[in-house]
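Undergrad: Pasting the sequence and the predicted coordinates here, then a few questions.
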Amino acid sequence: MKDRRTILKSALALGLGARSLNVLHAQSDDPRRARPQEGDRFVFAFGPRQGETIRVDDVPVASEQIFSFAMDPSSGAVRDGSLLNQVLLLRFDPDSLAPETREASVDGVVAYSGICPHTGCDVEGWSEDTGFLVCSCHDSEFDPRDGAEVISGPAPRRLPSLPLRSEDGVLVAAGGFSATIRFEEEF
């Protein structure tokens with residue numbers, strides 16, 4: 001009886017493992033689920049301009065974040081198949097940015113993951129007083145002028161950043177995210 005249970009458990013684990021690999025493979029084949037990549041353009045995620053390409057001049061200085069998704073310029077596929085692909089765009093006076101942040105920016109525009117590393121909530125808040133990004137789930141604050149460093153709250157690490165460049169005034173990813181987008185599970 002014991003051997004039969006062991007065999008059944010092993011077969012079940014093997015089957016679940018193979019299914020997981022198939023799901024991961026299917027996700028990697030879907031350009032909508034792929035993370036932003038070098039050369040991708042950015043488009044508005046929501047609102048009246050949803051799907052339109054974002055230019056550097058579309059990002060106002062010292063104002064709340066713009067929610068965007070990357071778009072593969074060759075296929076036109078918008079990478080909106082996963083919330084982990086949500087990118088926040090903000091703009092500051094370039095002289096107010098920390099040196100490493102300035103290096104990854106273009107004309108003061110910076111890009112970060114829109115997912116809080118604490119429990120995976122959207123980083124949708126903006127503090128006009130401090131110029132910090134705020135996750136309203138547990139009040140974590142991030143300084144977008146200094147690599148989205150955690151200022152306060154339970155977030156265990158900064159938001160992953162995305163280096164930018166400009167091509168004829170259009171915002172373009174100059175590489176992938178600086179770190180894997182992940183978050184702590186809440187129990």
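TA: Right, received. Where do you want to start?
Undergrad: how far away is the nearest residue to N85 once chain neighbours are set aside from D107?
TA: Closest residue to N85 in three dimensions, ignoring its sequence neighbours and counting by Cβ to Cβ, 6 or more residues apart in numbering: R79, at 4.6 Å. Backbone N, C-alpha and C define where each C-beta goes, glycine included. Remark: distance between R79 and D107 (Cβ to Cβ, to the nearest Å) = 23 Å.
Undergrad: circling back to that earlier point, surely the residue nearest to N85 and R33 touch.
TA: Yes: contact criterion Cβ atoms under 8 Å: R79 and R33 qualify, at 7.3 Å.
Undergrad: Settle it for me: which of these two has more neighbours?
TA: A side-by-side neighbour count of R79 and R33, using other Cβ atoms under 10 Å, places R79 first with 24 against 16.
Undergrad: Tell me who's in contact with the more buried one.
TA: By Cβ atoms under 8 Å, 6 or more residues apart in numbering, R79 lies in contact with 31-36, 40, 69-72, 85.
Undergrad: from the residues you listed, which single one is nearest S166?
TA: Minimum distance to S166 across the contacts of R79 is 13.4 Å, recorded for D40 (Cβ to Cβ).
Undergrad: Pull up the pairing partners for the helix or strand where F142 lies, direction included.
TA: With elements taken from DSSP states H and E, the one containing F142 is strand 140-143. Note on strand 140-143: by DSSP bridges, its sheet partners are strand 132-135 (antiparallel), strand 149-152 (antiparallel).
Undergrad: Name the surrounding residues that touch the last one.
TA: Spelled out, that is strand 149-152. By Cβ under 8 Å, 6+ apart, the surrounding residues in contact with strand 149-152 are 130, 132, 139-143, 156-158.
Undergrad: one more time with 10 Å, if that's ok
TA: Residues outside strand 149-152 that contact it (Cβ atoms under 10 Å, 6 or more residues apart in numbering): 98, 101, 116-118, 127, 130, 132-134, 139-143, 155-159.
Undergrad: how does this protein divide into domains?
TA: Domain assignment for the chain by automatic domain parsing gives 1-30, 33-173.
Undergrad: Can you tell me which of these is nearest to E184?
TA: Nearest of the domains of the chain to E184, taken as Cβ to Cβ: domain 33-173 at 5.8 Å.
Undergrad: who's in contact with the spatially most central residue of the chain?
TA: Centroid check for the chain by Cα atoms, centre = their mean gives S113 as the closest residue, at 2.5 Å. If a contact means Cβ under 10 Å, 6+ apart, then S113 has 35-36, 84-88, 123, 148, 158-162, 177-183 as its contacts.
Undergrad: now this protein, which segments are flagged as low pLDDT?
TA: In the predicted model of the chain, residues 1-28, 185-187 satisfy pLDDT under 70.
Undergrad: Quick check, L88 in contact with Q65.
TA: Yes: if you go by Cβ atoms under 10 Å, L88 and Q65 touch, sitting 4.2 Å apart.
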